[in-house]
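In: Show me the folded form of this:
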Amino acid sequence: MNRKGFRLATVERLREKRLEETAQDLHRAQSAVREAQARRDDLLERLRAQRHGQNTPHELELEAVYRFRLRGDLAEVDHEMTKLTARLAERRETWLQARAQVHAVAALHDRYRKQRAEMIQRAEQREMDELAGSGRRRPGVFPGNDSGGS
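Out: Numbering: from 1, shown residues only. A predicted model of the protein is given here:
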């Protein structure tokens, strides 16, 4: 049970550090997805907006070019959203694995502590039993005892 150089507490700290790092990565991925979603919503809103003004051929042509560019930007943001969503899923899976490892090591560490406490308690009990056993008097012939020690 006791191996020199091996410490569960060290493993537990390393796993917790890894969990913290993966949580930060997950948070960054979530933020990136939210930002891309906000850009997408903005582009959609600008596409839906109606232009007011004169409908001269030149203005209509400018409006068509503007909407064409917005649709191109929207396609780029959609492509980016697909990649970011996939990255977010990967980060979430990595975080879940790190979390499971922390829980596994913590459970192992708790079990080790309980076993260690039980082992110490048994050793103390054995020592107390030995002390109690060595302090006993053996029956013998005492003045006033006619039974002869039995």
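In: Which strands and helices lie in contact with the lengthiest helix in the chain?
Out: Counting by DSSP state H, the longest helix found in the chain is helix 57-134. Applying 3 or more C-beta pairs under 8 Å, 6 or more residues apart in numbering; DSSP states H and E, we find helix 57-134 packed against helix 8-48. Glycine gets a C-beta too; all of them are placed from N, C-alpha and C.
In: the inter-axis angle of the helix it packs on versus helix 57-134?
Out: 160 degrees (axes from the mean of the first three to the mean of the last three C-alpha atoms, to 10 degrees).
In: Low-confidence ranges, this protein, go.
Out: Residue ranges of the chain with pLDDT under 70: 1-6, 52-53, 135-150.
In: Flag every buried residue along stretch 57-76.
Out: By neighbour count on 16 or more other C-beta atoms under 10 Å, the buried set for stretch 57-76 is Leu70, Asp73, Leu74.
In: OK, contacts around the second one?
Out: Think Asp73. Leu43 (C-beta atoms under 8 Å, 6 or more residues apart in numbering).
In: and with 10 Å instead?
Out: Asp73 makes contact with Arg39, Arg40, Asp42, Leu43, Arg46, Leu47, according to C-beta atoms under 10 Å, 6 or more residues apart in numbering.
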